[in-house]
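In: Coordinates for the following, if possible.
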Amino acid sequence: MKINIKATNFKLTPSINEYIGIKIGSLEKFIKASPWEVWVEVGKTTHHHHKGQVFRAEVQLKLPGKGLRVESIKDDIHLAIDEVKDELQRKLKQYQEKQITETKKGARIFKEELHLSE
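Out: Residues are numbered from 1 along each chain as shown. Model (predicted):
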C-alpha cells in the first residue's frame, strides 16, 4: 500500500504523518486488490478565521470500477483524520458488499442458463 500525503497551509509533522499512516493503513484489510494507492490531503482551510483553527482532511482512493473520495472539516486535525477514516471504512464496506452481491447475481444467472440449456 502506498499513501501519498500532501499538506496545505501548514507544516506536516512526523507525528501527523505517522498518525495518517496508522489510520489509513488500517483500511488495508477491506481492499483485496493489491497494490493500491491512497491520496491524502490535510491542511488548514484558510487563515482568516477569528477563533481557533479549522482543519480539513481529504482522502481519495481509486478502486476497480469506482473512485472513493471523503472529506472532513474539524477544529482538530486528528478528529478530521478520524472522521475521514470512519467514513472511508463505511464506503469500503458498502463497496465490498456490492461486489459480493454482483458476484452472486452473476452466479445465479449462470446457474439458470445451465438449467435452461439441458
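In: Quick check, central residue of this protein?
Out: Centrality entry for the chain: nearest residue to the mean C-alpha point is Leu88, 3.9 Å, by C-alpha atoms, centre = their mean.
In: phi, psi of that one?
Out: When read as degrees, to the nearest 10, the backbone of Leu88 gives phi -70, psi -40.
In: Run a quick check on it versus Val59, I expect a contact.
Out: Yes: using C-beta atoms under 8 Å, Leu88 is in contact with Val59, at 5.5 Å. In short, each C-beta sits where N, CA and C put it, glycine included.
In: intersection of neighbour lists for the two?
Out: 24, 68, 70 (C-beta atoms under 8 Å, 6 or more residues apart in numbering).
In: Sort out for me which of the residues you listed are in strands.
Out: Among the shared contacts of Leu88 and Val59, DSSP state E puts 68, 70 in strands.
In: Highest neighbour count among the shared contacts of Leu88 and Val59?
Out: Ile24 (20 neighbours; other C-beta atoms under 10 Å).
In: wait, what's in contact with it?
Out: 3, 38, 40, 59, 85, 88.
In: do the same with Ile77
Out: Ile77 touches 16, 42, 55, 57, counting by C-beta under 8 Å, 6+ apart.
In: now the helix or strand where the first one lies, how far from the chain's geometric center?
Out: I take that to be Ile16. Taking DSSP states H and E as the definition, Ile16 sits inside helix 14-25. From the chain centre to the centre of helix 14-25 is a distance of 14 Å (C-alpha atoms, centre = their mean, to the nearest Å).
In: Each with direction, which strands does the next helix-or-strand element following it pair with?
Out: Later in the chain than helix 14-25, the nearest helix or strand by DSSP H and E is strand 37-44. Applying DSSP bridges, strand 37-44 is found paired with strand 2-8 (parallel), strand 55-63 (antiparallel).
In: buried residues in strand 37-44?
Out: 38, 40, 42-43 (16 or more other C-beta atoms under 10 Å).
In: That strand to helix 14-25, inter-axis angle?
Out: 140 degrees (axes from the mean of the first three to the mean of the last three C-alpha atoms, to 10 degrees).
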